[in-house]
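Visitor: Sequence first, then the predicted structure, then my questions.
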Amino acid sequence: MREDAFFQISNDVRYVAFYLDGQLSVHERPALANASTSESDKYEELIVNPLTLVQQRGNIDCGGVKFVVIRYGNFWQTVWPVKQGHVSLGLEPTADPLEHAKAIHRVIVEQEL
């Protein structure tokens with residue numbers, strides 16, 4: 001399964017969502033502490049995804065956007081633009097999202113997203 005490669009990056013990966021060609025699929029590590037509701041995750045991916053705003057600004061004169069990092073109270077969220085949409089990964093609050101960035105990017109490339 002596509003999400004398995006992302007979960008193998010680290011035990012810090014809590015959540016993986018794919019929004020590809022208009023289809024959303026969400027995958028969560030079992031027994032998460034302080035997990036957000038699936039309904040709020042769905043709306044973040046579909047409606048209020050911060051990547052849209054950042055991409056609009058980044059594409060003007062900043063050379064585009066590689067990824068976005070958000071620090072919520074209970075976890076980190078990283079959002080990655082891909083050809084067909086985006087990939088989101090939630091990371092444990094104790095993780096350093098920049099330490100995982102190269103591995104996440106590698107999996108995106110390997111998965112040909």
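Guide: That came through, no problem.
Visitor: And the next helix or strand past the helix or strand containing Leu89?
Guide: For Leu89, the host element (DSSP states H and E) is strand 85-91. Going down the chain from strand 85-91, the next helix or strand is helix 97-110, by DSSP H and E.
Visitor: Remind me what the strand holding Leu89 packs against, helices and strands.
Guide: Judged by 3 or more C-beta pairs under 8 Å, 6 or more residues apart in numbering; DSSP states H and E, strand 85-91 is in contact with strand 13-20, helix 38-46, strand 76-82, helix 97-110. The C-beta positions use only the backbone N, C-alpha and C, and glycine is treated the same way.
Visitor: What strands line up against it, and which way round?
Guide: The strands beside strand 85-91 in its sheet (DSSP bridges) come out as strand 13-20 (antiparallel), strand 76-82 (antiparallel).
Visitor: would CSV of those with mean pLDDT and mean neighbour count be doable?
Guide: Shown next, in CSV, are the strands paired with strand 85-91 (pLDDT from 0 to 100; neighbours: other C-beta atoms under 10 Å):
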stretch, mean pLDDT, mean neighbour count
strand 13-20, 93, 22
strand 76-82, 94, 20
